[in-house]
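Trainee: Fold the following, please.
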Amino acid sequence: KFVIGPADGVGDHVHVGQLRIRNMIHRRQDQPPAHGLDSKSGLSDSMSPGSIQSLFMDDTPAFRVEFAGELPRPDQLYWRGPVFWRFDGRTWEQSFYSRNLLAPALPDATGTAYRYSVQMEPNERKWLFALDYPVAAPADSKITVDFQLLRGEPVLQLLSYGVVSNPDFRDTPDDLPRELELNALHLPENMNPRTRALVARWLEETPDPEALVQRAYSHFSQDPFRYTLDAPTLGLHSVDEFLFDTRAGFCEHYASAFAVMMRMAGIPSRIVTGYMGGFYNELGEYLLVRQSDAHAWSEVWLPGTGWSRIDPTAAVAPERVDRSATELFAQRHMFDFEWLRQARNTFDLIQRSWNDWVIAFSADRQSRLFSGLGWDALDSAKLVMAMITGALLVGAFFRLAYYQSRGIIPIFLYWVCLLGAVYLTYAELYREVSRLARSLKQAGVQTGDRVVGFMPNMPQTIIAMLAAVSLGAIWSSSSPDFGIKGVLDRF
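Mentor: Modelled structure (predicted):
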């Protein structure tokens, strides 16, 4: 009959007395609350206007790279990820061939090949990141026909892998297979008529495919286009509106428009998403790539040349090649200072050293150390759990001794983020239970009513349970982190 949950915006860091019962009691609805959490992070398996731009505010690390030699030039730091072939007029997606066909030929490790190791953060995605073009696939992964590195399983924990890349390799320089050509030329019908007219005029004036590619690229630097985070929303004819009306966008707007123009001209094209650049940590001698470094660019296929990278964003904002996107825009939020970004990038060395220790922690040492807890092996999540639990227990012990030395007998001792251990005495517990019981009674709770708590494991949950049963009500509870299915099974 009644559902109890924390007030909006109230978490386990709020004192018990600050809960307001009028915000805690809700009549049960026909549908459970929507679960908006998507634990996947970083690049998506599709691209539409605004999708790369949305990562610009995310400064969490994507991966770290340590080179076995000289650092590549900034214009070579294109970290290849998902490749998109299919376009419906707004959204780019992968094709069946890009996921399942293997690369027909691989480069060798000669010439200017780069050797490096990648320490990748978990993101629940299957693709790995590498510079063009990987010589061989890391363990448990494959190199697809469009040179994606795909794993059989998502990356669920810290992953370290080595790569050798040869930037001088030519991808499919001879004949493009018919199936791939059709994929790389397909466009939805009756869309973007103004762009079609523009490209048709260009074809009459510039029939040579290579010269046409250069003309389209130069178009972005000659006309007043802007590289901006405040791109207007685009409608049905998104490319028309971008090229002729708004002329403002982030990297995905430029990459998409360029690829569409190439297809209209009969030149096969595709979209590549990934990351560009990174911050070089001189203390640790490694490159830190954050989610805010996400980028999108185009690739076109020409006979005798094969697939070539064309980054139209560089025509509009050439400084993006040498600098991260965060350096090109004004302050993103109130704490986004240049000195703070530099400090955060520098002190990332501590996180990286921790990751190195986690990865190097052998299975044998894990088994011996944590066998008493019933853990045969220790992943990074369990390791963090063990260390935090140990710190909390030690802190709670000393805090309890402190209270007892002053004659305070806590009935609850719980840990609150940033505040440390917080206690609740018997008198405070009695007062809060009585207060909530009165409010429940005023709300109409009677003997035999069912009261459920949609609350996490915190003292307020126990207070709610005691208040409900003191009125003769039947109590049940489920934590929000059980998810929708768990809540429905419980209730």
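Trainee: Check whether residue 441 really touches residue 473, as I assumed.
Mentor: No - checked against C-beta atoms under 8 Å, the pair residue 441 and residue 473 is beyond contact range at 9.9 Å. In this view, the C-beta of every residue, glycine as well, is placed from N, C-alpha and C.
Trainee: So for the two, which sits in the more crowded spot?
Mentor: residue 473 (21 against 14; other C-beta atoms under 10 Å).
Trainee: what about the strands in the stretch 101-250 of the chain?
Mentor: For the stretch 101-250 of the chain, the strands defined by DSSP state E, counting those that start in this stretch cover 114-120, 127-128, 141-143, 149-151, 159-165, 226-227, 248-249.
Trainee: Among these, which comes closest to residue 171?
Mentor: Of all those, it is strand 141-143 that lies closest to residue 171, at 11.0 Å by C-beta to C-beta.
Trainee: Now do that closest one: distance to the chain's middle.
Mentor: Centroid separation between strand 141-143 and its chain, computed with C-alpha atoms, centre = their mean, to the nearest Å, is 22 Å.
Trainee: What strands line up against it, and which way round?
Mentor: The strands beside strand 141-143 in its sheet (DSSP bridges) come out as strand 149-151 (antiparallel).
Trainee: residues of the strand it pairs with that come out buried?
Mentor: Within strand 149-151, the residues that count as buried by 16 or more other C-beta atoms under 10 Å are 149-151.
Trainee: for the closest residue to residue 129 other than its chain neighbours, what are its contacts?
Mentor: Leaving aside its chain neighbours, residue 129 sits nearest to residue 79 (4.4 Å; criterion: C-beta to C-beta, 6 or more residues apart in numbering). The contact partners of residue 79, by C-beta atoms under 8 Å, 6 or more residues apart in numbering, come to 63, 129-131, 274-276, 278, 289.
Trainee: Of these - the most surrounded one?
Mentor: Neighbour max across the contacts of residue 79 (other C-beta under 10 Å) = residue 130, 27 neighbours.
Trainee: That one and residue 107: what is the separation?
Mentor: 12 Å (C-beta to C-beta, to the nearest Å).
Trainee: Spit out the residues that contact those two alike.
Mentor: With C-beta under 8 Å, 6+ apart as the test, residue 130 and residue 107 both reach residue 165.
Trainee: count of neighbours near residue 148?
Mentor: 25.
Trainee: check contacts around it.
Mentor: By C-beta under 8 Å, 6+ apart, the neighbours of residue 148 are 80-83, 98, 127.
Trainee: go again using 10 Å as the cut-off
Mentor: For residue 148, the contacting residues are 80-83, 94, 98-99, 103, 126-130, 134, 141-142, 272, 274, by C-beta atoms under 10 Å, 6 or more residues apart in numbering.
Trainee: got a pLDDT number for it?
Mentor: In this model, residue 148 is scored at 97, pLDDT.
Trainee: Ok, residue 9 next?
Mentor: Confidence for residue 9, expressed as pLDDT, is 36.
Trainee: Return a ChimeraX selection command for the buried portion of the contacts of residue 148.
Mentor: This is the ChimeraX syntax for the buried subset of these, where burial follows 16+ other C-beta under 10 Å:
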select :80,81,82,83,94,98,99,103,126,127,128,129,130,134,141,272,274
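Trainee: Nearest residue to residue 275 in space, please, no chain neighbours.
Mentor: Residue 275 sits nearest to residue 79 (C-beta to C-beta, 6+ apart), 4.1 Å away.
Trainee: State the three-state secondary structure for that neighbour.
Mentor: strand (DSSP: H, G, I helix; E, B strand; the rest coil).
Trainee: Pull up the gap between it and residue 306, please.
Mentor: In terms of C-beta to C-beta, residue 79 sits 20 Å off from residue 306.
Trainee: ok, now residue 57?
Mentor: For residue 57 relative to residue 306 (C-beta to C-beta), the value is 36 Å.
Trainee: and those two? which has more neighbours close in?
Mentor: Legend: neighbour count by other C-beta under 10 Å for residue 57 and residue 306, higher for residue 306 (16 against 13).
Trainee: my guess is that one contacts residue 180, does it?
Mentor: No - look at residue 306 against residue 180 with C-beta atoms under 10 Å: they stay out of range, at 11.8 Å.
Trainee: mind checking how far stretch 51-58 is from the chain centre?
Mentor: Taking mean C-alpha positions (C-alpha atoms, centre = their mean), stretch 51-58 and its chain are 9 Å apart.
Trainee: Then stretch 108-124?
Mentor: 20 Å.
Trainee: do the same with stretch 437-449
Mentor: 44 Å.
Trainee: what about it, start to end distance?
Mentor: End-to-end distance of stretch 437-449 (C-alpha to C-alpha, to the nearest Å): 13 Å.
Trainee: again with stretch 441-458
Mentor: First-to-last residue span, stretch 441-458, C-alpha to C-alpha: 23 Å.
Trainee: just stretch 199-218 next, same as before
Mentor: 14 Å.
Trainee: Pull out the buried positions in it.
Mentor: Buried, per 16+ other C-beta under 10 Å, within stretch 199-218: 199, 202, 206, 209, 212-213, 215-217.
Trainee: possible to save those as TSV with distance to residue 50?
Mentor: Listed next are the buried residues of stretch 199-218 as TSV, based on distance: C-beta to C-beta, whole Å:
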residue	distance to residue 50
199	25
202	28
206	32
209	31
212	29
213	26
215	28
216	23
217	23
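Trainee: Could you single out the nearest of these to residue 256?
Mentor: residue 216 (13.0 Å).
Trainee: what's the helix or strand for the closest residue to that closest one other than its chain neighbours?
Mentor: Nearest residue to residue 216 in three dimensions, chain neighbours excluded: residue 261, at 5.2 Å (C-beta to C-beta, 6+ apart). Using DSSP states H and E, the element containing residue 261 is helix 251-264.
Trainee: Run me through the strand neighbours of the helix or strand just after that helix, direction for each.
Mentor: Note on helix 251-264: by DSSP H and E, the next helix or strand toward the C-terminus is strand 269-276. The strands that strand 269-276 pairs with in its sheet are strand 78-84 (antiparallel), strand 294-302 (antiparallel) (by DSSP bridges).
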